[in-house]
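Q: How does the following fold in three dimensions:
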Amino acid sequence: MSSIDKVLARIDADLDNSLDRLFDLLRIRSISTDPAFKAPCREAAQWLARELNDIGIEAAVRDTTGHPMVVGHRKSGKPGPHVLFYGHYDVQPVDPLELWHQDPFEPAIKTREDGSKIIVARGAADDKGQLMTFVEAARAFIAETGDLPVDVTVLFEGEEESGSPSLHPFLEANREELSCDLALVCDTGMWDDRTPAISVMLRGMVGDEIIVRAGSRDLHSGLYGGSAQNPNHIVAGIIAGLHDENGKVTLPGFYDGVIEIPAEVKAMWDKLGFSAEEFLGDVGLKYPRGEKDRMPLEHIWTRPTVEVNGMWGGYQGAGSKTVIPAEAHAKFTFRLVGDQDPDKIQDAFRAYVRSKIPADCSVEFIAKEGSPALRLDFTMPVLAKGQKALQEEWNREAALIGMGGSIPIVGDFKRMLGMDSLLIGFGLEDDQIHSPNEKYNLTSFHKGIRSWARVLDELAKD
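A: So this is what the prediction gives:
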């Protein structure tokens, strides 16, 4: 029997104990956003540090200006990449509590009508269950072989659910210690409950808000209508001109840096059986918008967008008030892909808006924080190794998928520490993260542990 087979056999034999340990962690009420739970957050950090030390990863709780980090190392200069595994031990608040079917911090295994088993608790999927898949894989490897196949650094944070205010200073202060060859991130999901996935693209974002001002006060529409500028009309014209009849964004240079995905990846997506009608049907819609010559998965993964997130101006109360408002507002966000430059996108947008402002009116801009998109090189050897490991475990080709949103820590690893990230997770769309009755499939937990063991083993190979 090979060493990896022995490790996998140990994982299987120790599953009940692994669940006991996960349940111990899930019982800790580590809600980072509420100051009342400061002590439980530290308790969770201390619990994880003890577990890492117990299995042979030298770890310590590291204080920050907010909730503590947990940093651990096991390294001896082994061949292969030195990897940093990242997860977060903090969880979302449980409100509304009355919608939970049980105490959110008293985990339980339940059997669904189809016979599948799920772990129900706050943090089961986001992110305690996910991070423990890696911890348990490392436990089995060290127990069975005496060591890990590659050098490993572990970073667990306690503020991901509250904006990670301490993360940037911590990464900056510990740049040398935390800079590795590759980051492993397990805060993502599978394509479906039988198909593993590696997230290879994260869209970036830049936002802006505009305030268009015209008259010195709200004006009577009977006296001034048809003569005075109406900021609502101006904002409406700005919004209407952002897209052409084919759904493309009209800003000059907007598509500079947008990269086409390889044909083989697009062919893989064709096989995933994605239905835009089902996807939109969940929210009461049917027909996709966006660029007409693009497949729906491209719309949400690999194509840039501009969306109007809010617009208002003039009278908002009951009944009518016949005014021409003095000002109108709109909020915009741009989802970015490839090598699009957030600053250039914002400059192009502002130039466009200014071109639409009449001479006797003005516009004020309120900038929102932006970040560029991130993507893995499809030819990276570690990507192929991750795919191979997952296929061996799940007996299905691992899908290379995009993510419509972003994971800020992945950008921080790239920009601050110079590391690419391999994003492998085992969550599912129906895990109800951030909602009552959050769950994590027992299969996700069990096969997630086995998957990480295979990934570590594969990364160690030439």
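
Q: All the strands of the stretch 151-300 of the chain, residue numbers only.
A: Along the stretch 151-300 of the chain, counting by DSSP state E, counting those that start in this stretch, strands occupy 152-157, 182-185, 197-202, 204-213, 219-220.

Q: How about V323: what's its closest non-neighbour residue?
A: D218 (4.4 Å; Cβ to Cβ, 6 or more residues apart in numbering). C-beta coordinates here come from the backbone N, C-alpha and C atoms, glycine included.

Q: contacting residues around that neighbour?
A: 314, 323-326 (Cβ atoms under 8 Å, 6 or more residues apart in numbering).

Q: repeat that with 10 Å
A: Listed by Cβ atoms under 10 Å, 6 or more residues apart in numbering, the contact set of D218 reads 224, 313-315, 321, 323-327.

Q: what does S275 give?
A: Residues in contact with S275 (Cβ under 10 Å, 6+ apart) are 281, 296.

Q: Distance check, it against G418.
A: Relative to G418, S275 is positioned 39 Å away (criterion: Cβ to Cβ, to the nearest Å).

Q: What of D347?
A: Taken as Cβ to Cβ, the span from D347 to G418 is 27 Å.

Q: possible to save the strands of the stretch 151-300 of the chain as TSV with mean pLDDT?
A: Supplementary listing: the strands of the stretch 151-300 of the chain in TSV, determined by pLDDT from 0 to 100:
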stretch	mean pLDDT
strand 152-157	98
strand 182-185	97
strand 197-202	94
strand 204-213	96
strand 219-220	94
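
Q: Out of those strands, flag the one nearest P81.
A: strand 182-185 (4.7 Å; Cβ to Cβ).

Q: The closest one pairs with which strands?
A: Counting by DSSP bridges, the strands paired with strand 182-185 are strand 83-88 (parallel), strand 420-424 (parallel).

Q: how about the helices in the stretch 1-150 of the chain?
A: Remark: helices assigned in the stretch 1-150 of the chain by DSSP state H, counting those that start in this stretch are 3-13, 15-26, 38-55, 128-145.

Q: circling back: of the contacts of D218, which is the most crowded?
A: Neighbour counts for the contacts of D218, by other Cβ atoms under 10 Å, peak at I324, which reaches 25 neighbours.

Q: Now I238. Nearest residue, chain neighbours left out?
A: Per Cβ to Cβ, 6+ apart, closest to I238 is K356, 5.0 Å.

Q: Go ahead and confirm the one you found touches P231.
A: No - contact criterion Cβ atoms under 10 Å: K356 and P231 do not qualify, at 11.4 Å.

Q: Just the pLDDT for the residue nearest to the spatial centre of the chain.
A: Per Cα atoms, centre = their mean, the C-alpha nearest to the average position across the chain is that of I407, at 3.7 Å. Predicted confidence (pLDDT) at I407: the value is 84.

Q: Need phi/psi at it.
A: Backbone torsions of I407, given as degrees, to the nearest 10, read phi -120, psi 100.

Q: so who does it touch?
A: Contacts of I407 (Cβ under 10 Å, 6+ apart): 86, 160, 185, 187-188, 199, 202, 374, 413, 421, 423.

Q: ok, 7 Å please
A: Counting by Cβ atoms under 7 Å, 6 or more residues apart in numbering, I407 makes contact with 185, 187, 202.

Q: which one of those is nearest V382?
A: Nearest to V382 among the contacts of I407, counting by Cβ to Cβ, is V185 at 12.8 Å.

Q: My read is that that closest one contacts K414, right?
A: No - assessed by Cβ atoms under 7 Å, V185 is found out of contact with K414, at 11.5 Å.

Q: hmm, back to that, in helices, which of the contacts of D218 appear?
A: Assignment to helices by DSSP state H places the following of these there: Y224.

Q: which ones among the contacts of D218 are found in strands?
A: Here DSSP state E is the test, and these give 313, 323-324, 327 as lying in strands.

Q: For ChimeraX, what selects the buried ones among the contacts of I407?
A: In ChimeraX, a selection of the buried entries from the contacts of I407 looks like this (16 or more other Cβ atoms under 10 Å):
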select :185,187,202
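
Q: and the contacts of I407 as JSON lines, adding distance to L285?
A: Shown next, in JSON lines, are the contacts of I407 (distance: Cβ to Cβ, whole Å):
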{"residue": "V185", "distance to L285": "31"}
{"residue": "D187", "distance to L285": "28"}
{"residue": "L202", "distance to L285": "24"}
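
Q: Give the single residue among the contacts of I407 positioned nearest to M295.
A: For the contacts of I407, the nearest to M295 is L202 (19.1 Å; Cβ to Cβ).

Q: Need the pLDDT of S76.
A: What the model reports as pLDDT for S76 is 87.

Q: Can you give me the distance of the closest residue to it other than its chain neighbours to I198?
A: Spatial nearest neighbour of S76, excluding adjacent residues (Cβ to Cβ, 6+ apart): D151 at 6.8 Å. D151 is 22 Å from I198, where distance means Cβ to Cβ.

Q: Please consider this matter closed, and thank you.
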